[in-house]
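**Q** How does the following fold in three dimensions:
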Amino acid sequence: GLYGIKQKHNLLNYDANGFGIDATLRWGLFMERLELIADIQYQNEKYNSLFNNSNIADFKQTILGAKFLIYDPFKNYEKKVNIYSWKANRKFNWRQLLPAVSLFAGANFTMADNPYAFSPESSMSPKIMLITQNHLGDGKWVFVTNIIADYVTTDFPSYGYVLTLTRGFNDKWSGFVENQGFKSDFYSDAIVRGGAAYLINKDLQIDASISSSLKDTPSIVYGGIGFSWRYDANYKEVRVNIDSGDSGEKAEKRAKKTKKG
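**A** Numbers count the residues shown, from 1 in each chain. Predicted coordinates:
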């Protein structure tokens, strides 16, 4: 995706404007539960202050790693239809409170003299994430939690979280709200974010979002647009049975006919 950024620091008395490119590549190569991930972010900014004007441009992050699905509460699970009870088929499904759990492990790669790094030396440091995902209600709501430990072997380890709530409005449109927080001795902040996505076809989606920090040292505003493309020519479809309201109604009609007979 492509984004614009605007910063203003009240204590250091500077402002900055620029743009960035964020690209994430995901490969599901070996098994259904394992995903290889590359996340690369490049940023270009112009800083203005009372005594100096300068440009900064470099890779803000380069991450390579893998995500493994540890637990899926709906794997090998099929909700059974009670053909005799309309109420039983529509009662709250407690299983949706059980999250799918994944673990990400990877590494940050930083080149020497990177202006976005806290050290002028090149480095490699680990990044670990615990990821949970819940499908709530009728499946239109999805809640995702990321607990993050970053740069953990360096002098400035960072710890944070990302909470994302997504709502599907129809087959094409969805929206999301997000809260992100991170803390380290180098930089800490909290960010709120919102956006929407449109599914062009089963393999292509576009999205737009806006983000704002809650601090003023500096205050940061992002605005971005992006697209997601899926290539699955070698993927073999796995059939999953999903319960729907229609199946329950049909089952009840069959039960009534059975009683009449």
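**Q** Dihedrals phi and psi, T154?
**A** According to degrees, to the nearest 10, the main-chain angles of T154 amount to phi -100, psi -180.
**Q** That one - how many residues pack around it?
**A** 19 (other Cβ atoms under 10 Å). All C-beta spots, glycine's among them, are computed from the backbone N, C-alpha and C.
**Q** Does it touch S125 like I think?
**A** Yes - at 5.1 Å, T154 and S125 qualify as touching, with contact defined as Cβ atoms under 8 Å.
**Q** The stretch 1-150 of the chain: strands as residue ranges?
**A** 2-9, 14-27, 34-49, 53-71, 100-110, 123-136, 141-150 (DSSP state E, counting those that start in this stretch).
**Q** For my notes, please list the ones you listed in JSON lines and give mean pLDDT and distance to G175 for each entry.
**A** As requested, the strands of the stretch 1-150 of the chain are exported to JSON lines (pLDDT from 0 to 100; distance: least, Cβ to Cβ, whole Å):
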{"stretch": "strand 2-9", "mean pLDDT": "94", "distance to G175": "18"}
{"stretch": "strand 14-27", "mean pLDDT": "95", "distance to G175": "20"}
{"stretch": "strand 34-49", "mean pLDDT": "96", "distance to G175": "23"}
{"stretch": "strand 53-71", "mean pLDDT": "95", "distance to G175": "24"}
{"stretch": "strand 100-110", "mean pLDDT": "97", "distance to G175": "21"}
{"stretch": "strand 123-136", "mean pLDDT": "95", "distance to G175": "15"}
{"stretch": "strand 141-150", "mean pLDDT": "96", "distance to G175": "11"}
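**Q** Nearest to S211, out of these?
**A** strand 2-9 (8.5 Å; Cβ to Cβ).
**Q** Pull out the buried positions in the closest one.
**A** Applying a neighbour-count criterion of 16 or more other Cβ atoms under 10 Å, the buried positions in strand 2-9 are 3, 5-9.
**Q** what does stretch 225-234 give?
**A** G226.
**Q** try stretch 125-138
**A** 125-127, 129, 131, 133-135.
**Q** Report the two of those residues separated the most.
**A** S125 and H135 (33.6 Å).
**Q** So in terms of bridging, what pairs with the residue lying closest to F169 once chain neighbours are set aside?
**A** Leaving aside its chain neighbours, F169 sits nearest to G175 (6.8 Å; criterion: Cβ to Cβ, 6 or more residues apart in numbering). Beta-bridge pairing for G175 (DSSP bridges): R167, A196.
**Q** about what we covered before: could the buried residues of strand 2-9 be laid out in a markdown table, adding distance to M111?
**A** Shown next, in a markdown table, are the buried residues of strand 2-9 (distance: Cβ to Cβ, whole Å):
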| residue | distance to M111 |
| --- | --- |
| Y3 | 22 |
| I5 | 21 |
| K6 | 26 |
| Q7 | 23 |
| K8 | 28 |
| H9 | 26 |
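**Q** Pick the one among these closest to D207.
**A** Closest approach to D207 among those (Cβ to Cβ): Y3, at 11.3 Å.
**Q** So in terms of bridging, what pairs with the closest residue in space to that closest one that isn't next to it in sequence?
**A** Of all residues not flanking Y3 in the chain, G224 sits nearest, at 3.1 Å (Cβ to Cβ, 6+ apart). Beta-bridge pairing of G224 under DSSP bridges involves Y3, S209.
**Q** Now do the same for G224: its pLDDT.
**A** G224 carries a pLDDT value of 97.
**Q** My guess is it contacts G4. True?
**A** Yes - using Cβ under 8 Å, G224 is in contact with G4, at 7.2 Å.
**Q** all strands of the stretch 151-261 of the chain, in order?
**A** For the stretch 151-261 of the chain, applying DSSP E, counting those that start in this stretch gives strands covering 158-168, 173-183, 189-201, 204-213, 219-229.
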